[in-house]
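Just the structure for this:
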Amino acid sequence: MGNTNGTSVEKLQECESHQWYRKFMTECPSGFLTYYEFKQFFGLKNLSEASNEYVLTMFQTFDMNDDGCIDFMEYVAALSLVLKANVQQKLRWYFKLYDFDGSGCIDRDELFVIIKSIRAISGVSHDMSSEDFSNMVFDKIDINGDGELSYEEFTEGIQNDEKLLKMLTECLDLSHILQKIYGELKEQ
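Numbering: from 1, shown residues only. Down below sits the predicted model:
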C-alpha cells in the first residue's frame, strides 16, 4: 500500500493551482497584473500618499523580474509566500518591504511610514500608535543603537521576541486579501 495522503495533497494543490489560474486569467485576461489592476483587484482606492507608496512597494516586491507587471508565476509565488512560507522566508519579505529606499537597512522613519500605511489600509484599530510601535521595535532590536536595523538585527531580533513576532505578524496579516481571493475562487 502506497502513501495515499501524499497523492491527495498533490491533487488538492493541482486543483488549487487550477483555480488560482482561472481567477488570475479572469481578472487579468492579458496574463499580466499591472499596478493599477493590483489596486483595483484588492479594492484599494483613495489612499494617502504614504499608503499608496506602501502598496506600490508591495507590488514591486511581488514583481520579481521588475517588468512593471505581475505574471501568473509571480502571483502564485506571492500567494505561496503569504500562505505557506516559513517564518524566515516571511521575515526576509517583511524586511524587503520595510526597506523602503532599498538601502539594505530599515530606519525608524521607514518603519513608521510602513506601519502607519498598513494600518490605514487594513482599517483595524490598535492599542499602540504606529509611532509607539516603531519606537518599541527599535528599542528592542536595534542592538548597536545606530538608528537602523540591518537584516540580521531585524530577523534575529524579531525571532527572539515572541511578543514582537506576534505583533508584526498581526500587523502584516493579509487574511482579508486571501479571503477575497478564496471567496471569489469558490464562486467560480
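
which intervals of this structure have sub-threshold pLDDT?
Within the chain, the segments meeting pLDDT under 70 span 1-16, 82-83, 120-125, 170-188.

residue ranges of the helices in it, please?
For the chain, applying DSSP state H gives helices covering 4-27, 35-41, 49-62, 72-84, 87-98, 108-122, 130-141, 151-159, 162-171, 175-187.

Make CSV out of those helices and add mean neighbour count.
Just so you know, the C-beta spots here come from the backbone N, C-alpha and C atoms, and that holds for glycine as well. Shown next, in CSV, are the helices of the chain (neighbours: other C-beta atoms under 10 Å):
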stretch, mean neighbour count
helix 4-27, 12
helix 35-41, 16
helix 49-62, 17
helix 72-84, 16
helix 87-98, 17
helix 108-122, 19
helix 130-141, 17
helix 151-159, 17
helix 162-171, 14
helix 175-187, 13
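
Around Asn160, count how many other residues there are.
By other C-beta atoms under 10 Å, 11 other residues sit near Asn160.

which residues does the closest residue to Met58 other than its chain neighbours contact?
Nearest non-adjacent residue to Met58, counting by C-beta to C-beta, 6 or more residues apart in numbering: Leu97, 6.3 Å away. Shown in contact with Leu97 (C-beta atoms under 8 Å, 6 or more residues apart in numbering): 57-58, 61, 114.

what's the most distant pair in those residues?
Spatial extent of the contacts of Leu97 (C-beta to C-beta) is set by the pair Thr61 and Ile114 at 11.9 Å.

quick one, what contacts the closest residue to Leu44 other than its chain neighbours?
In this structure, Leu44 finds its nearest non-sequential neighbour in Val55, 5.7 Å apart by C-beta to C-beta, 6+ apart. When contacts are counted by C-beta under 8 Å, 6+ apart, Val55 touches 38-39, 44, 47, 117, 121.

roughly how far apart are Ala77 and Thr61?
10 Å (C-beta to C-beta, to the nearest Å).

Next: Leu164.
Going from Leu164 to Thr61 by C-beta to C-beta gives 21 Å.

Trp93 now?
Distance from Trp93 to Thr61, by C-beta to C-beta: 7 Å.

what number of residues lie near Gln69?
Just to correct that, residue 69 is Cys rather than Gln. Using other C-beta under 10 Å, Cys69 has 18 neighbouring residues.

So it sits against Asp63, correct?
Yes - taking C-beta atoms under 8 Å as the definition, Cys69 is a contact partner of Asp63 at 6.6 Å.
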